[in-house]
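Engineer: Take this sequence and fold it.
(one chain, ligands or ions: 2)
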Amino acid sequence: MINKIKVDGFKSLSNISLTFTKGLNVLIGPNGSGKTNLCQIFGLISANVRGRILHNILSLGGVNSIFTKSKLKGKRSINVKSKLIKIWCQGELKEERVSLRYIYSFSIRMKENIMIEKEKIVIDVEKESGIYKKAIEISQPSPNNPNKFKIKVVPKLMGPNQLKKFKKSNKNEIILKTYASNKSIFAIGSYLFKYCFMVEQDIKASDVLDIDPHIAKKPSDILEPTKMYFNGKGLSNAIYNMSKNQPNSLKAINEFLSKIYPRHKLIEPHTKDGESNTFVLVDKNGTKCFAQNISDGTIKTLGLLVGMMTHRHNTLIIEELENYLHPWACQIFINRLREISKNKVYILTTHSETILNNIKPKEVIICNNVGGGTTAVRMRDIKQLENTIKYSGFGVGYHYVGGLLGGTPQND
Ligand SMILES: Nc1ncnc2c1ncn2[C@@H]1O[C@H](COP(=O)(O)OP(=O)(O)OP(=O)(O)O)[C@@H](O)[C@H]1O
Ligand SMILES: [Mg+2]
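Structural biologist: Ligands and ions are numbered 1, 2, ... in the order given. Purely as a prediction, here's the structure:
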């Protein structure tokens, strides 16, 4: 999972570095402080690995939106020099037999078109407990030589054909020639090395789950994917698919929903004329409610649960969980998220006092907008606040809303 990011040149993020811990990481701060911008970095990273960076930039508002705009004489205008975004992330993953750490970095530059520059992955493997050694380093070809990838690797990791080249070069370093230009380093690296493939999968498993109830309510055409999109599109297809292939997951969702909505009994998929899927919720009296009539909060809860159960995720971002949800539902959700995020990184943004009252001081990251740039820091004096909370019974939310933790709107 990705556990640290450094960014420069994206919207309000200039030269910022932020570390995430396993479990919950909760971003708080005034409107416009840059919480969403920080979350969007994860989308950019995973989109670049998927080869979907242009699509992602467009979904963020296009070239005009993503590069940091500098203030010139009181007017916002684009500083040409700043049309460069540097992104760096660090991650780790443990599988049965192997522990890896990696650093993945790239830059996005606008010249005549959007260019990805200086893409690089470095993977270390654990040799003995806690001791890591570099195993693979792959750098993107330079623009002058777009077909040549530079790969440094421990020879043991190579297949027999590549190994011959290595022995010849004698330096544990090869320049790999490929006739497919513009290939991402993962397109080459994951094909050659298992560790690189594992890291690729790990990075791809970071995304923002942002359910829009109005989209999630719509029937899904049976030609559409059986997996839900991150905005909730295709929820009906996902439920239909779960009922066929993962009945236990659907059962778990039913149990969770009945904790939040005590009248709930079960979810039933429903196919209309063999052309599209929808679903109904059946309550304890047997009354059926079609998806389009279900409340926004219930649909959002359902979408989040389906997303968490059907998407492989190691780093998951949920923005403003409180939107559409009753405070009681928020509390139950936070407890559930804390249970399932033990070995993952979950990043939440919130303005909700109720949610924050269920958050531990060490889980909080306070964002601010200082002179147009985002700052993000963990709380100081965590022990002191923990004690105050323990003896007063008033939680983080109470202290935050009272202005005692910072992260409140202020003039520059
Ligand atoms: N291209 C840009 N250059 C510089 N700053 C930008 C750019 N685009 C947006 N911003 C700034 O980013 C801020 C918005 O950040 P963001 O949407 O992440 O805030 P937020 O903390 O999520 O707020 P909210 O709580 O309202 O959701 C605004 O202050 C805006 O001026
Ligand atoms: Mg926001």
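
Engineer: alpha carbons only for contacts and neighbour counts from here, please
Structural biologist: Will do.

Engineer: Between the two ends of stretch 346-360, how far is it?
Structural biologist: End-to-end distance of stretch 346-360: 14 Å, with CA to CA, to the nearest Å as the criterion.

Engineer: Which residues does it contact?
Structural biologist: Counting by CA atoms under 8 Å, 6 or more residues apart in numbering, stretch 346-360 makes contact with 22-29, 35-36, 39, 315-322, 327, 330-331, 334-335, 386, 394-398, 400-401, all of which sit outside it.

Engineer: Please work out the average pLDDT along it.
Structural biologist: If you average the pLDDT over stretch 346-360, you get 96.

Engineer: now stretch 14-32
Structural biologist: Stretch 14-32 comes out with an average pLDDT of 96.

Engineer: which residue ranges form the strands in the stretch 301-412 of the chain?
Structural biologist: 315-319, 345-349, 364-370, 373-378 (DSSP state E, counting those that start in this stretch).

Engineer: Can you tell me which of these is nearest to Asp283?
Structural biologist: When those are ranked by proximity to Asp283, the top entry is strand 315-319, at 27.9 Å, counting by CA to CA.

Engineer: quick revisit: JSON lines for the strands of the stretch 301-412 of the chain, including distance to Leu302 and mean neighbour count?
Structural biologist: Rendered in JSON lines, the data for those read as follows (distance: least, CA to CA, whole Å; neighbours: other CA atoms under 10 Å):
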{"stretch": "strand 315-319", "distance to Leu302": "14", "mean neighbour count": "22"}
{"stretch": "strand 345-349", "distance to Leu302": "18", "mean neighbour count": "23"}
{"stretch": "strand 364-370", "distance to Leu302": "26", "mean neighbour count": "22"}
{"stretch": "strand 373-378", "distance to Leu302": "31", "mean neighbour count": "20"}
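
Engineer: I'd like these as CSV, with distance to Ile53 appended.
Structural biologist: Shown next, in CSV, are the strands of the stretch 301-412 of the chain (distance: least, CA to CA, whole Å):
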stretch, distance to Ile53
strand 315-319, 18
strand 345-349, 22
strand 364-370, 26
strand 373-378, 23
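
Engineer: what's the nearest residue to Phe230 if we skip its chain neighbours?
Structural biologist: Once flanking residues are discounted, Phe230 sits nearest to Leu209: 5.0 Å by CA to CA, 6 or more residues apart in numbering.

Engineer: Is that neighbour bridged to anything, and to what?
Structural biologist: In this structure, Leu209 bridges to Ile318 when assessed by DSSP bridges.

Engineer: That one and Pro225, how far apart?
Structural biologist: Relative to Pro225, and taking CA to CA, Leu209 is found at 17 Å.

Engineer: Please identify which of these two sits among more neighbours.
Structural biologist: Leu209 (19 against 14; other CA atoms under 10 Å).

Engineer: so who does the more buried one touch?
Structural biologist: For Leu209, the residues meeting the contact criterion (CA under 8 Å, 6+ apart) are Phe230, Asn231, Leu304, Gly307, Leu316, Ile317, Ile318, Glu319.

Engineer: okay, these in JSON lines with distance to ligand 1 and pLDDT next?
Structural biologist: Written out in JSON lines, the entries for these read as follows (distance: CA to the nearest ligand atom, whole Å; pLDDT from 0 to 100):
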{"residue": "Phe230", "distance to ligand 1": "18", "pLDDT": "91"}
{"residue": "Asn231", "distance to ligand 1": "17", "pLDDT": "93"}
{"residue": "Leu304", "distance to ligand 1": "19", "pLDDT": "95"}
{"residue": "Gly307", "distance to ligand 1": "22", "pLDDT": "93"}
{"residue": "Leu316", "distance to ligand 1": "16", "pLDDT": "94"}
{"residue": "Ile317", "distance to ligand 1": "13", "pLDDT": "96"}
{"residue": "Ile318", "distance to ligand 1": "12", "pLDDT": "96"}
{"residue": "Glu319", "distance to ligand 1": "8", "pLDDT": "95"}
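
Engineer: which one among those residues gets closest to Tyr240?
Structural biologist: The closest of the contacts of Leu209 to Tyr240 turns out to be Gly307 (CA to CA; 13.7 Å).

Engineer: So the closest one sits against Met228, correct?
Structural biologist: Yes - between Gly307 and Met228 there is a contact under CA atoms under 8 Å: 6.8 Å.

Engineer: Could you tell me how many residues sit around the residue in the stretch 301-412 of the chain that ligand 1 sits nearest to?
Structural biologist: With CA to the nearest ligand atom, the shortest gap between the stretch 301-412 of the chain and ligand 1 falls at Gly372, namely 6.0 Å. Taking other CA under 10 Å as the neighbour definition, Gly372 ends up with a count of 19.

Engineer: quick one: contacts for the nearest residue to it once chain neighbours are set aside?
Structural biologist: The spatial neighbour of Gly372 that comes closest, neighbours along the chain excluded (CA to CA, 6+ apart), is Ser12 at 6.2 Å. Applying CA under 8 Å, 6+ apart, we find Ser12 in contact with Gly34, Asn37, Thr68, Asn369, Gly372, Gly373, Thr374.

Engineer: Compute the distance between Ser12 and Asn369, please.
Structural biologist: For Ser12, the distance to Asn369 under the criterion CA to CA works out to 8 Å.

Engineer: who's in contact with Phe307?
Structural biologist: Careful, residue 307 is Gly and not Phe. Leu209, Met228, Phe230.

Engineer: what about the last one, is that helix, strand or coil?
Structural biologist: Same thing as Phe230. Following DSSP: H, G, I helix; E, B strand; the rest coil, the label given to Phe230 is coil.

Engineer: my guess is it meets Ile215, correct?
Structural biologist: No - with contacts defined as CA under 8 Å, Phe230 does not count as touching Ile215, sitting 10.7 Å away.

Engineer: With neighbour numbers in mind, choose between the two.
Structural biologist: For Phe230 against Ile215, the residue with the higher neighbour count under other CA under 10 Å is Phe230, and the figures read 19 against 16.
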